[in-house]
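no sequence on this one, just coordinates:
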């Protein structure tokens, strides 16, 4: 899963809210021109280093600070990334056209495109990186929010072999650290700024499309559905859930992540049918617990599973908890 498909929804909400709040007299907004001599990328270092910068754009210093504060909060939940905010006097369509062409030339693959003359949302992938662009209008200016980060998984097409050197490095690092705590179904699992309780998983051969007489079908063999309850920390009113923290592992050691379609469609359809949260609906938890579902597309010969909850630290991916899920029960959806 890339840098937070759920995070994209969060980006959009924060972005729209900031457009509204900045219209008030108390919001002193400032911006500064970007130095063209520094190169036409958003950053010289980090995940955003090879994302093109819109020509003549100015840094929105107020929202840049708000974005930095938001990213600090998200780091307590799971892997995050970085965000940058710019303004330009050019039209939204000019901005969209520039990024469609410039990102393609820079080797980024367009993954999602939702654009109009009032704003848009675009996402791209490149190697293990993800990039997002959100645009909107304010006081005759086009505001650009650029987000980027490292993907933690793309869904399981998935069980790619890791280079031997990387395996050796990971083995050495694992020996130097304490093993992560292990749990079973029904246990309270403390992780980062929240607590999870995972329920017995089930296996499905199809998932109904919401409001339609059609079905999603798995590409690899079957769906594994993992119900859970999430409770955010009391002191953190913005505790939320990032789909990238979940890694399903089968009895052969193959790993599966939640891919874009599962997170956006199958999970939401099944969650609404069963009156649970999940998907884009499970952004904030406090003050009360919320229920959710995780849906993974796995091969037919995958029979028993663990859930590993992962996080990023010091440019490394670490496992914070392991939950023994056992063998999913076979289930059928209503026809």
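Structure's in. What do you need? These numbers come from a predicted model, not from an experiment. Residues are numbered from 1 along each chain as shown.

only C-alpha atoms from now on, for both contacts and neighbour counts.
Noted.

burial measure for residue 177, as a count.
9 (other C-alpha atoms under 10 Å).

ugh, typo on my part, it should be residue 127
Neighbours of residue 127 using other C-alpha under 10 Å come to 10.

buried residues, stretch 114-131. List them.
Within stretch 114-131, the residues that count as buried by 16 or more other C-alpha atoms under 10 Å are 119, 120, 121, 122, 123, 124, 125, 129, 130, 131.

who does the first one form a beta bridge with?
Looking back up the chat, that one is residue 119. Note on residue 119: beta-bridge partners residue 116, residue 136, judged by DSSP bridges.

repeat that for the fifth one.
For residue 123, the beta-bridge partners under DSSP bridges are residue 112, residue 132.

quick one, what contacts it?
By C-alpha atoms under 8 Å, 6 or more residues apart in numbering, residue 123 lies in contact with 110, 111, 112, 113, 130, 131, 132, 133.

just checking, the third one touches residue 122?
Yes. Residue 112 lies in contact with residue 122 (C-alpha atoms under 8 Å); the separation is 5.3 Å.

of the buried residues of stretch 114-131, closest to residue 216?
Among the buried residues of stretch 114-131, residue 123 lies closest to residue 216 (C-alpha to C-alpha), at 23.1 Å.

in three-state terms, label residue 95 for me.
helix (DSSP: H, G, I helix; E, B strand; the rest coil).

correct me, but it touches residue 54?
Yes. With contact defined as C-alpha under 8 Å, residue 95 reaches residue 54; the gap is 7.2 Å.

most widely separated two among the contacts of residue 123?
Checking the contacts of residue 123 with C-alpha to C-alpha, the most distant pair is 113 and 130, at 14.0 Å.

any low-confidence regions in the stretch 151-300 of the chain?
Scanning the stretch 151-300 of the chain for pLDDT under 70 picks out the ranges 151-176, 211, 233-242, 259-269, 271-273, 275-287.

show me the helices in it, by range?
164-175, 260-261, 267-273 (DSSP state H, counting those that start in this stretch).

domains of the protein?
Following automatic domain parsing, one gets these domains for the chain: 5-150, 164-330.

and the closest residue to residue 141 other than its chain neighbours, its phi and psi?
Nearest residue to residue 141, sequence neighbours excluded (C-alpha to C-alpha, 6 or more residues apart in numbering): residue 89, at 5.0 Å. Per-residue torsions, residue 89: phi -80, psi -10 (degrees, to the nearest 10).

my guess is residue 89 contacts residue 140, does it?
Yes. Counting by C-alpha under 8 Å, residue 89 touches residue 140, with 7.0 Å between them.

so if I had to pick from those two, which one is more boxed in?
Neighbour totals were compared for residue 89 and residue 140, and residue 89 leads with 15 against 10 (other C-alpha under 10 Å).

picking up where we left off before, return the per-residue confidence for the residue nearest to residue 141.
Per-residue pLDDT puts residue 89 at 93.

quick one: which helix or strand includes the closest residue to residue 131 other than its chain neighbours?
Take residue 131 and drop its neighbours on the chain: the residue closest to it by C-alpha to C-alpha, 6+ apart is residue 148, 4.2 Å away. Assigned by DSSP states H and E, residue 148 belongs to strand 141-150.

tell me which residues of that strand come out buried.
For strand 141-150, by 16+ other C-alpha under 10 Å, it's 142, 143, 144, 145, 146, 147, 148, 149, 150.

what's the most distant pair in those?
Going by C-alpha to C-alpha, the pair spanning these furthest: 142 and 150, at 26.8 Å.

distance check, residue 195 against residue 308.
14 Å (C-alpha to C-alpha, to the nearest Å).

neighbour-wise, which of the two wins?
Neighbour comparison, residue 195 and residue 308: the larger count goes to residue 308, with 21 against 16 (by other C-alpha under 10 Å).

quick one, what contacts that one?
Counting by C-alpha under 8 Å, 6+ apart, residue 308 has contacts 246, 247, 248, 249, 319, 320, 321, 322, 323.

could you look up the SS state of it?
Residue 308 ends up strand, using three-state DSSP.

please name the nearest non-neighbouring residue to it.
That would be residue 322: by C-alpha to C-alpha, 6+ apart, it lies 4.6 Å from residue 308.

go on, residue 181?
Nearest one to residue 181, counting by C-alpha to C-alpha, 6+ apart, is residue 321 at 5.3 Å.

ok so the one you found is a strand residue?
Yes. Residue 321 forms part of a strand when assessed by three-state DSSP.

so where's the stretch 1-150 of the chain shaky on pLDDT?
For the stretch 1-150 of the chain, the ranges with pLDDT under 70 are 1-48, 62-81, 150.
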